[in-house]
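Novice: I need the structure of the sequence given here:
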Amino acid sequence: MLPNFAVTPNYRGFRFLRTSTLAAAIALLAACGGGGDGMGKDANTQASIPVEVAPAAHQTITANYSGTATLEAVGDAQVVAKTTGIVLKLFVEEGTHVQKGQLLAELDSDTARNKLAQASATLKKAQAAYDKADKGFALKITPKADYDSTKYDLEAQKAIVDGAQLDLSYTRIVAPISGVIAKRSVKLGNLVQLNQALFQIVDLDPLEAVLNVPERDLDTLKAGQPVRMRVDALGGKPFDGSIARIAPVVDAASGTFRVTCTFRDTTSTLKPGMFGRVEVTYDQRHDALVVPRNAIVEEDGVSSVFVIEPAPPKKDDKNDGKDAKGAVKGKAGEAVAAESAKPALPAFVAKRRVVKTGYAEGDRIEIRDGLADGERVITIGRNAVREGTEVQVLENATKSPDAMASVASTEKHS
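Specialist: This is a model prediction of the structure:
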């Protein structure tokens, strides 16, 4: 009885079964072909390697750059105390949406009001002195030096009053930007000091994500190109955005340049600090020759594939398994006769073909040179073949999962 996972409609599970079964078959055939069983096989005879193939076909393929980034708020303000005082009132909490200039908290203002009253009284005195000096100077009674002195005293006292009014306004804590209260660092009744942090406000729209892109892509990415971000914390939900700006310099240490992407989310689903996968689409080919990505073999910087071609006819060994009169000998002959009774599969050999690759998208890759439309390339089993290896094409690999053990690792570690 097959395990439960063998019948569930899960693509990964099915793919794993196919790969595992195929590798088990490879191992079994290799064992049979390498043993000295005395069946009359020539030492140079090699068992066919079972493989799966896929045809090269013209399809549409998109060129993307993919990277990861953390969302950051464009507007992020730390609200600090500009004067000393006790917190008397709090008007907002974490998560509250606020507008620029909105009142967040109030501090004790008695001290500031007292200083303003004193400064205002002194200003009146200075104003009276100046008025008297001004009249005397007009009548040429007051010396110019005394007139200038009272004038400067008046201007200085006005500045003191303005400072006292400013200190009084600082007892009212207001939002410097519009956004959401991300953090409240003060409690009712606390004594706050000058420059002490009180609130943090972040603007959730828009948000930015900064990509560090290799310098080879400097000419492919442009400001204004559309981007898409998928956030794992939200189940991979996509969010559309665009490239806002590109840094004009390349970091010599890392060989990358900064690409800033902007995302606008009116639903406030995206949050600063979220980690996402960003994809930038910069080109598309509608008639590209495409093969599965797992058909590509990378070796010494050269990309190649294995295509299958009809195998040349073999010379039959007519004396194999027969006596001098041509009769089949014993059990060995019976095995040969039973094998001969089976329908023969088409014989193919693997041929290595150097190719020039282009864009890659998902599990597909573009072939720009070295392959023709319709040619079949080996996708599973390619690590077990070499130039001229005889292969057996498995059109529908749905074997039993009993031989799963050995081959997933064969494909993985080869």
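
Novice: CA atoms for contacts and neighbours, from now on please.
Specialist: Will do.

Novice: Least confident secondary structure element in this structure?
Specialist: Using mean pLDDT, DSSP states H and E, helix 407-413 stands out as the lowest-scoring helix or strand of the chain, at a mean of 38.

Novice: what packs against the strand or helix carrying residue 368?
Specialist: Per DSSP states H and E, residue 368 falls inside strand 364-369. When contacts are defined as 3 or more Cα pairs under 8 Å, 6 or more residues apart in numbering; DSSP states H and E, strand 364-369 sits against strand 275-292, strand 356-361.

Novice: Of those, which is nearest residue 235?
Specialist: In terms of Cα to Cα, the element of the helices and strands packed on strand 364-369 nearest to residue 235 is strand 275-292, at 10.7 Å.

Novice: Contact partners for residue 358?
Specialist: Counting by Cα atoms under 8 Å, 6 or more residues apart in numbering, residue 358 touches 365-368.

Novice: can you pull the contacts of the residue nearest to residue 250 when sequence neighbours are not counted?
Specialist: Sequence neighbours aside, residue 257 is the residue nearest to residue 250 in space, at 4.7 Å (criterion: Cα to Cα, 6 or more residues apart in numbering). In this structure, residue 257 makes contact with 212-215, 218, 246-251, judged by Cα under 8 Å, 6+ apart.

Novice: Could you find the lowest-pLDDT member of the residues you listed?
Specialist: Within those, pLDDT reaches its minimum at residue 218, with 88.

Novice: since we're on that one, how many residues are nearby?
Specialist: 18 (other Cα atoms under 10 Å).

Novice: Next, it: phi, psi?
Specialist: Phi and psi for residue 218, reported as degrees, to the nearest 10, are phi -60, psi -40.

Novice: I'd like to know how far it sits from residue 255.
Specialist: For residue 218, the distance to residue 255 equals 11 Å [Cα to Cα, to the nearest Å].

Novice: chain center to the longest strand along the chain: distance?
Specialist: Identified as the longest strand of the chain according to DSSP state E is strand 57-80. Put simply, strand 57-80 sits 7 Å off its chain's centre (Cα atoms, centre = their mean, to the nearest Å).

Novice: and the gap between residue 66 and residue 228?
Specialist: Relative to residue 228, residue 66 is positioned 10 Å away (Cα to Cα).

Novice: As a check, name the ranges of all strands in the stretch 151-300 of the chain.
Specialist: Taking DSSP state E, counting those that start in this stretch as the test, the strands found in the stretch 151-300 of the chain are 172-174, 179-184, 191-192, 197-214, 226-231, 237-246, 256-263, 275-292, 297-299.

Novice: which one of those lies closest to residue 85?
Specialist: strand 191-192 (5.6 Å).

Novice: so what does the closest one touch, helix or strand wise?
Specialist: Other helices and strands packing on strand 191-192, by 3+ Cα pairs under 8 Å, 6+ apart, are strand 85-90.

Novice: what lines up beside the strand it packs on in the sheet?
Specialist: Partners of strand 85-90 in the sheet, by DSSP bridges, are strand 103-107 (antiparallel), strand 191-192 (antiparallel).

Novice: Tell me who's in contact with the residue nearest to residue 206 when sequence neighbours are not counted.
Specialist: Spatially, and ignoring its direct neighbours in sequence, residue 206 is nearest to residue 264 (4.6 Å; Cα to Cα, 6+ apart). For residue 264, the contacting residues are 205-207, 240-241, by Cα under 8 Å, 6+ apart.

Novice: mind showing which ranges of the stretch 1-150 of the chain have poor pLDDT?
Specialist: Low-confidence segments of the stretch 1-150 of the chain (pLDDT under 70): 1-46.

Novice: if you set the cut-off to 90 instead, what comes out?
Specialist: Across the stretch 1-150 of the chain, the ranges flagged by pLDDT under 90 are 1-49, 62-66, 140, 142.

Novice: for the stretch 151-300 of the chain, same thing?
Specialist: Within the stretch 151-300 of the chain, the set of residues satisfying pLDDT under 90 comprises 204-205, 216-220, 232, 235-236, 265-269, 281-286, 299-300.

Novice: So for stretch 59-70, what gets flagged as buried?
Specialist: Neighbour-count burial for stretch 59-70, counted by 16 or more other Cα atoms under 10 Å, picks out 61-65, 68-70.

Novice: tell me what the helix ranked longest in the chain is packed against?
Specialist: Across the chain, the longest stretch assigned as helix under DSSP state H is helix 110-138. Applying 3+ Cα pairs under 8 Å, 6+ apart, we find helix 110-138 packed against helix 144-169.
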